[in-house]
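Trainee: Output the structure for:
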Amino acid sequence: MESVNFIEMLRPVLSYLPRRHRYQLVVLLCLILFTALMETISLGSIALFVSSLTDPAGTFQMPYVQRAILILGIRIDNLKVFVTWIAVAVPVLFLMRSVCRGVMLFSINKFYALSEVFFGERLLSGFLSIDYEWILKRNTADLVLAILWRKQLGRGVIALTLNLLSEAVVVVCLLATIVVVQPVVSVTMVTVMSGLGLLVYTRLRKWLDITAERCRDFEQNINKVSTKAIHGVKDVRVSTTQNIFVDDFRNNALPLSHYYALQKFLAQAPSLIMQSMGIAILSGVVCMMLWAMEATLGTITGLMALLAVTAWRILPAISRMFNNITGLRKVLPYAATEIEYLKQIDEDNLQGTANTERELLFEREILVKGVSFAYKNQDRAILSNVTFSIHKAETLGIVGSSGAGKSTLADIMIGLLIPLYGGIYVDGKKLNHSNYRAWLQHIGYVPQFPYIYDGDLAGNIAFGVEKSRIERDRVLECCRMAAMDFLDDLPEGIDTPIGERGVRLSGGQQQRVVIARALYHKPEVLIFDEATSSLDAKSERSIQQTIYSFKGRQTLVIIAHRLSTVNDCDRIVWLHQGQVRGLDTPEVILPLYMREMQIREDRRHAE
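Mentor: Sure, this is the predicted structure:
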């Protein structure tokens, strides 16, 4: 990946923020400026206090002191009263400075935290609605990690930038103050310190970028390895490949630890260098004023008091600025990845039309007309000119060998994939971006490999519904419709936890849970995509009975590899290499399909 420029990254990050966030940002910038002014005034009051103690008469006669007394309307009878007023003003100013700084820090923290919420919501919403084909080509572990990396935009880019800006404004205000008081000395100090800081930064920038990019890559690899191992823990243990995954983890974690330590060192190195050089420069200023400028000790004392309190605030501020800059260099590769995802989501939104239709009627038929499909960047067509219809309340079977395009056709019928040519028509209305959400309200989908999360039975059936809004009577009704005969054996009924991926249930029981889930929202069309292919013969027969119990009441689409699953369908579509080879009743299609399968098997044995 090429080196990422900070300004190039900051611009899109800020542009993605909603308008209300940008208004808040303007207010926050004003607060940062006001806080910097309070910092400058409070620190200047210390120098004034020290000067009034060493030379009260001279301090009292200073033009800007006389001007301040006139503006405030203070009556001062003697120098003791003058020093007392300053002594009282110093803690008051510091209290005001502390309050301002506290409010500023709280506002910055709240702003970046809200930004993280916004970016996390934007990424999750985008991933859930983006082109399904794009999702199929991505590693899900990377997408989950991207949502976790929202903090690289919030507490990373935004927070570090605001902290850098707040410190920079303070430094500029303080430097402007000492330049007004002592131009020659101040300009010399600023020039030397700026040149030194720029030299240190340019020398370290390349290494900061390298370590940041490598840390990002190793973290992604570790996340993939960990996700694969934990999700496949059963297969890992059976195949005794634990050591392989642990070694893979170690081979990424060890170099990550090296680059992480190097990152921390590079982040601290500038501040260590600048602090040492700052003291040396301050000592050099004293010598220059003594020998080159022939200043009096009183003048040097007053100026050194100002320079001392200024250095006391500026040197740590410069150190924090370098820490923020190095921190930004570290997060830029992560932020660049996040921005790429956000751009992809935006591009997908531009290509599609907003889902405006709330209702799509299905009263007569579903027509699959001239559907052709190929995945992007692939020459081979998965489906080619597929045409057939499904009448309302009809049970249609779809058969074909592996790779015939059955599951892809199911995804197109649902609306997850968009065909290159042709389309799906519901009562004559073509499915598109504007109405596919309305179409999904008619669909219940039962996949070959059910997804069951670590929760109770009711939550898995009413998938995606808030716990407080789950209709328990509807859940029980769906359990009955799905012939969930094991419900009485569960200790807490529908409130029984069933474990991650349904580990406490058998394969057939898991399939019934997913069937009940498909029924929960009262769909008119049920699509079973190889729903029994991974089950044993007994469980398969039981699930088949459950499936056909809906025949005549709902429109059923049964995609199957095993022919016994589609024996009782009204009609069968036979797919072969992405094309419709036959469309008729089971009595006509199944003998032809079985003969074709037998011929292929004989050829394979002959070879």
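
Trainee: burial measure for Pro18, as a count.
Mentor: Residues within reach of Pro18, counting by other C-beta atoms under 10 Å, total 12. (Glycine included, C-beta is placed from N, CA and C.)

Trainee: Distance check, the closest residue to it other than its chain neighbours against Met597.
Mentor: Spatial nearest neighbour of Pro18, chain neighbours left out: Phe118 (6.7 Å); criterion: C-beta to C-beta, 6 or more residues apart in numbering. For Phe118, the distance to Met597 equals 54 Å [C-beta to C-beta, to the nearest Å].

Trainee: more neighbours, these two?
Mentor: More crowded of Phe118 and Met597, by other C-beta under 10 Å: Phe118, with 18 against 13.

Trainee: So that one is in contact with Arg20, correct?
Mentor: No - counting by C-beta atoms under 8 Å, Phe118 does not reach Arg20; the two are 9.9 Å apart.

Trainee: the strands in the protein, which residues?
Mentor: Along the chain, counting by DSSP state E, strands occupy 365-373, 383-391, 395-399, 421-426, 429-430, 443-446, 525-529, 555-560, 571-576, 579-584.

Trainee: With distance to Lys110 and mean pLDDT added, can I get those strands in JSON lines?
Mentor: Listed next are these as JSON lines, based on distance: least, C-beta to C-beta, whole Å; pLDDT from 0 to 100:
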{"stretch": "strand 365-373", "distance to Lys110": "48", "mean pLDDT": "94"}
{"stretch": "strand 383-391", "distance to Lys110": "52", "mean pLDDT": "94"}
{"stretch": "strand 395-399", "distance to Lys110": "54", "mean pLDDT": "93"}
{"stretch": "strand 421-426", "distance to Lys110": "47", "mean pLDDT": "92"}
{"stretch": "strand 429-430", "distance to Lys110": "47", "mean pLDDT": "90"}
{"stretch": "strand 443-446", "distance to Lys110": "42", "mean pLDDT": "90"}
{"stretch": "strand 525-529", "distance to Lys110": "46", "mean pLDDT": "91"}
{"stretch": "strand 555-560", "distance to Lys110": "51", "mean pLDDT": "91"}
{"stretch": "strand 571-576", "distance to Lys110": "56", "mean pLDDT": "93"}
{"stretch": "strand 579-584", "distance to Lys110": "59", "mean pLDDT": "92"}
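
Trainee: For Met104, find the nearest of these.
Mentor: strand 443-446 (51.5 Å; C-beta to C-beta).

Trainee: neighbouring strands for that closest one, and are they parallel or not?
Mentor: Looking at strand 443-446 with DSSP bridges, its partner strands are strand 525-529 (parallel).

Trainee: So what angle separates the directions of the partner strand and strand 383-391?
Mentor: 140 degrees (axes from the mean of the first three to the mean of the last three C-alpha atoms, to 10 degrees).

Trainee: which residues sit against strand 525-529?
Mentor: Applying C-beta atoms under 8 Å, 6 or more residues apart in numbering, the contact partners of strand 525-529 are 362, 366, 406-407, 410, 413-414, 442-448, 518-519, 547, 550, 554-560.

Trainee: Thr211 is in contact with Leu262, correct?
Mentor: Yes - using C-beta under 8 Å, Leu262 is in contact with Thr211, at 5.2 Å.

Trainee: between the two, which one's more packed in?
Mentor: Between Leu262 and Thr211, counting by other C-beta under 10 Å, Thr211 is the more crowded of the two (24 against 16).

Trainee: Report the contact partners of the more buried one.
Mentor: Shown in contact with Thr211 (C-beta under 8 Å, 6+ apart): 259, 262-263, 266, 330.

Trainee: So what pairs up with Leu583 in the strands?
Mentor: Beta bridges link Leu583 to Val573, judged by DSSP bridges.

Trainee: For it, list the residues it contacts.
Mentor: Applying C-beta under 8 Å, 6+ apart, we find Leu583 in contact with 388, 571-574, 589.

Trainee: cool, Lys80 as well?
Mentor: Neighbours of Lys80 in contact, by C-beta under 8 Å, 6+ apart: none.

Trainee: Quick check: pLDDT value at it.
Mentor: pLDDT for Lys80: 81.

Trainee: since we're on Gly464, how many residues are nearby?
Mentor: Look at Gly464: counted by other C-beta under 10 Å, it has 8 neighbours.

Trainee: next one: phi and psi at it?
Mentor: As for Gly464, its main-chain torsions (degrees, to the nearest 10) stand at phi 90, psi 0.

Trainee: quick thing: my sequence starts at 223, can you match it?
Mentor: I'll keep to 223 as the first residue from here, and by that count the last item is Gly686.

Trainee: Distance check, Val795 against Val608.
Mentor: In terms of C-beta to C-beta, Val795 sits 8 Å off from Val608.

Trainee: Surely Tyr815 and Trp796 touch.
Mentor: Yes - if you go by C-beta under 8 Å, Tyr815 and Trp796 touch, sitting 5.5 Å apart.

Trainee: Mutual contacts of the two, please.
Mentor: Counting by C-beta under 8 Å, 6+ apart, the shared contacts of Tyr815 and Trp796 are 621, 804.

Trainee: Can you give me the separation between the spatially closest residue to Leu582 that is not a sequence neighbour and Val648?
Mentor: Spatial nearest neighbour of Leu582, excluding adjacent residues (C-beta to C-beta, 6+ apart): Ala660 at 4.0 Å. Ala660 sits at a distance of 9 Å from Val648 (criterion: C-beta to C-beta).

Trainee: Now do the shared contacts for these two.
Mentor: Contact criterion C-beta under 8 Å, 6+ apart; residues shared by Ala660 and Val648: Leu582.

Trainee: What residues of stretch 703-720 count as buried?
Mentor: The neighbour-count check on stretch 703-720 (16 or more other C-beta atoms under 10 Å) flags 703-706, 709, 712, 715-716, 718, 720 as buried.

Trainee: Now do stretch 349-369: distance from first to last residue.
Mentor: 10 Å (C-alpha to C-alpha, to the nearest Å).

Trainee: Contacts made by that stretch with the rest, please.
Mentor: With contact meaning C-beta under 8 Å, 6+ apart, stretch 349-369 is reached by 342, 345-346, 441-442, 445-446, 449-450, 559-560, 563, 566-567, 570, 573, 597-598, 633, 638-640.

Trainee: ok, 7 Å please
Mentor: Here stretch 349-369 makes contact (C-beta atoms under 7 Å, 6 or more residues apart in numbering) with 342, 345-346, 442, 445-446, 449, 559-560, 563, 567, 570, 597-598, 633, 638-639.

Trainee: Give me the subset of those residues that lies in helices.
Mentor: Judged by DSSP state H, those include 342, 345-346, 442, 445-446, 449, 559-560, 563, 567, 570, 633 as members of helices.
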